[in-house]
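Participant: Build me a model:
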Amino acid sequence: MQFSTNSFVRPLAIGAATIALAVTVGCSAPDESPTSSPVPANTSSAPASAPASPSASSSPDTTGSSTAAESNDAMVAAGRLAAKEINGGTVVSIESERDGWEVHVVTSDGGEQQLRTDPSGTRVVSGPADDRPDADDKAENKSFSSVDIDFVRAVEVTVGEISDAQINELNLDTENRRIVWEADVSTGSQQRTVQIDATSGDVLSNRADD
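Facilitator: Below is the predicted model of the structure:
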């Protein structure tokens, strides 16, 4: 029986190629599929998100109360300046004007003077000028000149009654034969009137204006 050389060479070549291919496949690292989805992160151990810091709008709004306090301080300053300008006088009226404060001061003889200050109440803009009261006004002015509760205390009592009160006008008046301080007040969007006994300092009424 005769064997040809080619009959041995061909199987050996195929076997070698097969072995080489197997080695190559076994040694090379498998490529990740470009379309494979990423492994989801383990979120069970992730820290909870920190609570959002409070926004500016959640902070208490103190702008209104601050403005009211500044206005009330300016009112007191205007009254003190007027009392200094008219020595021996009693402040009976302080009213907020567009460009400052108008202050009325009476004297023990029933006379009455008025002046205007700047918005801060620290500078006289005009006056003092004689208000020329008539006989009835002079009689009332004399009774006003000796009240126990002055304008400064009246402001304090009003703010004690309404903490965020901005006093726009404060004046002495006679009601039911009693001398009272009457304060016209802004509080938020509301207008109120506070009456204070000018002898005892007691609050007689605190009512909303119609």
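Participant: Strands of the chain, start to end?
Facilitator: Using DSSP state E, the strands of the chain run over 90-97, 100-106, 112-117, 124-130, 166-175, 178-187, 190-197, 203-208.
Participant: closest one to residue 147 among these?
Facilitator: Taking Cβ to Cβ, strand 178-187 is the member of those nearest to residue 147, at 5.8 Å. The way it works is simple: take the backbone N, C-alpha and C, and place the C-beta from them, glycine included.
Participant: Partner strands of that closest one and their direction?
Facilitator: Using DSSP bridges, strand 178-187 pairs in its sheet with strand 166-175 (antiparallel), strand 190-197 (antiparallel).
Participant: Residue 92: which of these is closest?
Facilitator: Of the strands paired with strand 178-187, nearest to residue 92 by Cβ to Cβ is strand 166-175, at 4.4 Å.
Participant: buried ones in that closest one?
Facilitator: Within strand 166-175, the residues scored as buried using 16 or more other Cβ atoms under 10 Å are 166, 167, 168, 169, 170, 171, 172.
Participant: where does the protein dip in pLDDT?
Facilitator: Along the chain, segments meeting pLDDT under 70 span 1-66.
Participant: run the last query once more with 90
Facilitator: Across the chain, the ranges flagged by pLDDT under 90 are 1-66, 87-88, 146, 176-177, 188-189, 209-210.
Participant: What are the boundaries of the helices in it?
Facilitator: Under the criterion DSSP state H, the chain contains helices at 5-27, 63-85, 135-144, 151-161.
Participant: Now do the second one: which elements does it pack against?
Facilitator: Read it as helix 63-85. strand 90-97, strand 100-106, strand 112-117, strand 124-130, helix 151-161, strand 166-175 (3 or more Cβ pairs under 8 Å, 6 or more residues apart in numbering; DSSP states H and E).
Participant: how about TSV for the ones you listed, with distance to residue 83 added?
Facilitator: Listed next are those as TSV, based on distance: least, Cβ to Cβ, whole Å:
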stretch	distance to residue 83
strand 90-97	5
strand 100-106	6
strand 112-117	11
strand 124-130	11
helix 151-161	9
strand 166-175	14
